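**Q** coords below, sequence missing:
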């Protein structure tokens, strides 16, 4: 006769109501049963001082070690006895194993990929800045503690222009940005919190609902559905949890009422999903921990398109709130415990088999190389941020794009890296060919063909395109190539013999991935696009329409690699490369824009666009020397001068050799001469700035690293701190 031990953190079984049901069902199933807590285990003589249920009473008995243990106590409270429990696990099979908290389960499912598209993107709130970037992208988000239970501590936060509405249960509170800042800071100081975009699942009458899928293993060790039932929140609440005033309904009448002719199909979908997810999580547990699990409760929602979204996965779901189902849960648990005791050898063999299978069938690792006259680093940062939501990514450091850097990367990339994202710089012919000989990409992005380094190519942009085409010739010829359809010079790229797939991006063209309704937002850009057949709104936390192209490059590759749209949206909230239109908020409402890494004609015009769009009062442009333009320097400087005039900049200051050509052309077009300044001495430039900068000014500092224009950024920031 099989002996089942029920392990619980409480010493007294009379305080654990469900212990009675388990004792009675075990007897009915032909098993012996006793209740015990960790402190009653004696490893010397292999006995446990437990309690058995006899004649309506719990009686103390010295019991031998059981054949199987039903693990029923609180993991937190049993943690103080973890050494005893681990020793028991080494000798006796346990029915129940932890699959982790909300974050752990989310990460495990995401890595395995099979159910990743059902997950709501989830972020641990690192700091208040991180939270507000998230709100800029999603506008409606849920904040909750990482280890929360029973719907406790959940807030729905909605952005309302310059204010925020915070809802908890049936209560709503309006917050200013400053008040919400303090609220979030207080929350994350008291414990780890996660945030998710709000996925709405509502009835026809407007009440929030979800489904609880309760799945268990039976006496044959197979997953079965114990029950599926809807939970409906009280009017005005966002939480359908029973502990928060929610109520349950029967599945079929609810489906019929809400979905009519779709009711049967939705029921079948829920049933299939329940069993498929349970089997999947069970396999993941075997692969990662060498354990099997026996019971899960999954909370899911259905959006307006009837798409399933996983809210939470609980490994200790408790009995469904209906008296006649409690016995079903107990029967399955006891029968499975008996199966576990009888079939331990077969289960160990199955775990070994699943682990071995998981080692095979590895897919080719995406190795992505990015080149172009502008946007390499930002595209790389966007793409690495998105792919990191799914994989362990090797990302080259910002601006590490020489062939010597690529040699270092080749030595640093490990087998554990599931994707590689690199930028390949180029100033002369043959350089990109060398990059590809060191690390050959199977996915390539050419951001654009511009006039950066054009002086090294005799002033001929076609020769620049020829050198950039070395990436196309040097990559996997069956791979993926992403190009900018809006960039006229990209038509010079040599794609004729490329046998792989070419993906186009654009804003003004009918590209494969096209952004529209592009506009400036709070410290970033907003745009829309069609993705996987649906219109989506995106936000990137960096200013300038040119950065929308960089985001599109990343979106195109991520979508091709199977990243879910909401994870793409979340990944775009990236760690912005330094000194790329970085905003400094100085005293007296003075705004400083730092764009002091690279400088070429296209980049200067893009930065002036940003200044023109974000400056609300006087707009001051400080423009440094552009290098390697060769014979095109004078012509390109004149074009920039004309552009400054067209964009209605208020004050133009140039710095460096021959940059006075920019100011001369601006004046020739009608720019007020008294508002044009030129310097070759940085100290004198700084003296002028200290004198002329006023309250509410917006100042752009644009220049290449080699001209040390960042010194001017530091001077302004310190002077007007």
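**A** Right, received. Where do you want to start? Bear in mind the structure is a predicted one, so any value in this text is a computation, not a measurement.

**Q** Can you list the buried residues in stretch 222-230?
**A** Going by neighbour count (16 or more other CB atoms under 10 Å), the buried part of stretch 222-230 is 223, 224, 226, 227, 228, 229, 230. For the C-beta atoms, the positions are set from N, CA and C on the backbone; glycine is no exception.

**Q** I'd like to know which helix or strand in this protein has the lowest mean pLDDT.
**A** Using mean pLDDT, DSSP states H and E, helix 102-112 stands out as the lowest-scoring helix or strand of the chain, at a mean of 77.

**Q** I'd like the next helix or strand past that one.
**A** The helix or strand immediately downstream of helix 102-112 is strand 123-124, counting by DSSP states H and E.

**Q** Distance from the chain centre to that following strand, please.
**A** 8 Å (CA atoms, centre = their mean, to the nearest Å).

**Q** Also stretch 304-316?
**A** Centroid separation between stretch 304-316 and its chain, computed with CA atoms, centre = their mean, is 18 Å.

**Q** and if you look at stretch 634-647?
**A** Chain-centre distance of stretch 634-647: 41 Å, with CA atoms, centre = their mean.

**Q** which other residues reach it?
**A** Residues outside stretch 634-647 that contact it (CB atoms under 8 Å, 6 or more residues apart in numbering) are 451, 601, 604-605, 608-609, 611-612, 621, 623, 626, 629, 652, 658-659, 661-671.

**Q** From those residues, list just the buried residues.
**A** 451, 601, 604-605, 608-609, 611-612, 621, 623, 626, 629, 652, 659, 661-667, 671.

**Q** burial count for the closest residue to residue 708 other than its chain neighbours?
**A** The spatially closest residue to residue 708, leaving aside those adjacent along the chain, is residue 682, at 7.7 Å (CB to CB, 6 or more residues apart in numbering). Residues contacting residue 682 under the criterion other CB atoms under 10 Å number 17.

**Q** Residue 682 contacts residue 655, correct?
**A** Yes: the pair residue 682 / residue 655 is scored as a contact, 7.0 Å apart, by CB atoms under 8 Å.

**Q** Tell me which helix or strand comes right after the helix or strand containing residue 385.
**A** Assessed by DSSP H and E, residue 385 sits inside helix 376-387. Sequence order places strand 393-395 as the next helix or strand after helix 376-387, per DSSP H and E.

**Q** Could you spell out the sheet neighbours of that following strand, each with its direction?
**A** Taking DSSP bridges as the criterion, strand 393-395 pairs within the sheet with strand 419-423 (parallel).

**Q** residues shared between the contacts of residue 682 and residue 655?
**A** Common contacts of residue 682 and residue 655 (CB under 8 Å, 6+ apart): residue 712.

**Q** what's the longest helix along the chain packed up against?
**A** Scanning the chain for the helix with the most residues, using DSSP state H, yields helix 263-289. Under the contact definition 3 or more CB pairs under 8 Å, 6 or more residues apart in numbering; DSSP states H and E, helix 263-289 sits against helix 102-112, strand 209-217, strand 223-232, helix 251-259, strand 295-302, strand 308-314, helix 344-359.

**Q** Can you check which of these gets nearest to residue 401?
**A** Among these, helix 102-112 comes nearest to residue 401, with 29.2 Å by CB to CB.

**Q** So what touches the closest one?
**A** Here helix 102-112 makes contact (CB under 8 Å, 6+ apart) with 99-100, 115-116, 118-119, 122, 124, 146-148, 194, 280-281, 284, 288, 310, 312-313, 389-391, 567.

**Q** just the buried members of those residues?
**A** Neighbour-count burial (16+ other CB under 10 Å) is assigned, among the contacts of helix 102-112, to 99, 115-116, 118-119, 122, 146, 148, 194, 281, 284, 310, 312-313, 389-391, 567.

**Q** And for the closest residue to residue 208 other than its chain neighbours, the neighbour number?
**A** Leaving aside its chain neighbours, residue 208 sits nearest to residue 233 (4.1 Å; criterion: CB to CB, 6+ apart). Applying other CB under 10 Å, we find 24 residues neighbouring residue 233.

**Q** Next, give phi and psi for residue 233.
**A** With angles defined as degrees, to the nearest 10, residue 233 sits at phi -80, psi 150.

**Q** correct me, but it touches residue 248?
**A** No: applying CB under 8 Å as the test, residue 233 and residue 248 come out as separate, 11.4 Å apart.

**Q** List the contacts of residue 527.
**A** By CB under 8 Å, 6+ apart, the contact list for residue 527 reads 515, 516, 517, 518, 519, 537, 538, 548, 551.

**Q** Pretty sure the first one sits in a helix.
**A** No: the assignment for residue 515 is strand, going by DSSP: H, G, I helix; E, B strand; the rest coil, so no helix is present there.

**Q** Please report the distance of residue 703 from residue 222.
**A** Residue 703 sits 68 Å away from residue 222, going by CB to CB, to the nearest Å.

**Q** I'd say residue 127 and residue 189 touch.
**A** No: at 10.6 Å, residue 127 and residue 189 do not qualify as touching, with contact defined as CB under 8 Å.

**Q** The stretch 401-550 of the chain: helices as residue ranges?
**A** All helices of the stretch 401-550 of the chain, identified by DSSP state H, counting those that start in this stretch, fall at 403-412, 431-438, 461-468, 470-474, 545-560.

**Q** ok, the residue lying closest to residue 256 once chain neighbours are set aside to residue 482 distance?
**A** Leaving out its chain neighbours, the residue that sits closest to residue 256 by CB to CB, 6+ apart is residue 263, at 4.8 Å. From residue 263 across to residue 482, the span is 44 Å (CB to CB).

**Q** Of those two, give the one with the bigger neighbour count.
**A** Between residue 263 and residue 482, counted using other CB under 10 Å, residue 482 has the larger neighbour count: 26 against 17.

**Q** So what pairs up with that one in the strands?
**A** As for beta bridges, residue 482 partners with residue 445, residue 503 under DSSP bridges.

**Q** so how far is residue 568 from it?
**A** Applying CB to CB to residue 482 and residue 568 gives a distance of 14 Å.

**Q** And residue 153, by the same measure?
**A** Noted for residue 153: a distance of 29 Å to residue 568, by CB to CB.

**Q** And the two? Which one has more around it.
**A** Neighbour count, other CB under 10 Å: between residue 153 and residue 568, residue 568 has more, with 25 against 16.

**Q** The more buried one reaches residue 529, doesn't it?
**A** No: counting by CB under 8 Å, residue 568 sits too far from residue 529 to count as a contact (10.3 Å).

**Q** can you state the direction angle for the host helix or strand of residue 339 and strand 295-302?
**A** In this structure, residue 339 sits in helix 323-342 according to DSSP H and E. For helix 323-342 against strand 295-302, the angle between stretch directions is 130 degrees (axes from the mean of the first three to the mean of the last three CA atoms, to 10 degrees).

**Q** Who are the packing partners of helix 323-342?
**A** With contacts taken as 3+ CB pairs under 8 Å, 6+ apart, helix 323-342 sits against strand 3-7, helix 18-28, strand 68-71, strand 209-217, strand 223-232.

**Q** Using a markdown table, please lay out those together with mean pLDDT and distance to residue 427.
**A** Shown next, in a markdown table, are those (pLDDT from 0 to 100; distance: least, CB to CB, whole Å):
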| stretch | mean pLDDT | distance to residue 427 |
| --- | --- | --- |
| strand 3-7 | 97 | 68 |
| helix 18-28 | 95 | 72 |
| strand 68-71 | 95 | 63 |
| strand 209-217 | 93 | 57 |
| strand 223-232 | 93 | 60 |
